[in-house]
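Visitor: A predicted structure for the sequence below; I have some questions about it.
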Amino acid sequence: MNTNFFSIRVYGLWINDNHEIMLTDEYFQDKFLTKFPGGGLEFGEGIHECLKREWLEELNIEIDIIEHFYTTDFFQVSVFNPNAQIVSIYYLVKPLSVPDVKISNKVFDFDELKNG
């Protein structure tokens, strides 16, 4: 039985004072991803609550949500499940503390990770 469903994703865009934007590199379900910090809305959770939880889980950073930036307005199928339609919601955010993460301004080398 094929059941179609929506997957709501919430992402935070942090643009620092140097006009650089935070991206994360992840390995998820056998795929290498570069994406904005954020993730899937859980049942019973609000959108802002989801975004704050995801930033804590991924980066251990609390954030202020500044304003809505964009919501996808077209059909986007999930790369992980052909029965899932992705709805992505993006917000501008600001960290409440200095992020304690590795910062790089070069493209992440997934092959190096895979082979190393």
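Guide: Cool, got the structure.
Visitor: okay, now E54: neighbour count?
Guide: Look at E54: counted by other CB atoms under 10 Å, it has 22 neighbours. Bear in mind the C-beta positions are built from the backbone N, C-alpha and C, glycine included.
Visitor: Please enumerate the strands of this protein.
Guide: For the chain, the strands defined by DSSP state E occupy 5-13, 24-28, 31-35, 38-40, 63-71, 84-95.
Visitor: Would you tell me which of these gets closest to V101?
Guide: Nearest to V101, of all the strands of the chain, is strand 24-28, at 8.5 Å by CB to CB.
Visitor: That closest one vs strand 31-35, what angle?
Guide: 150 degrees (axes from the mean of the first three to the mean of the last three CA atoms, to 10 degrees).
Visitor: Just the C-alphas of strand 24-28, formatted as CSV.
Guide: C-alpha atoms of strand 24-28 as CSV (Å, rounded to 0.1, in the frame of the first residue of the first chain):
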residue,chain,number,x,y,z
THR,A,24,25.7,22.0,7.8
ASP,A,25,27.2,18.9,6.2
GLU,A,26,25.5,15.6,7.2
TYR,A,27,25.3,12.0,6.4
PHE,A,28,21.7,10.8,6.6
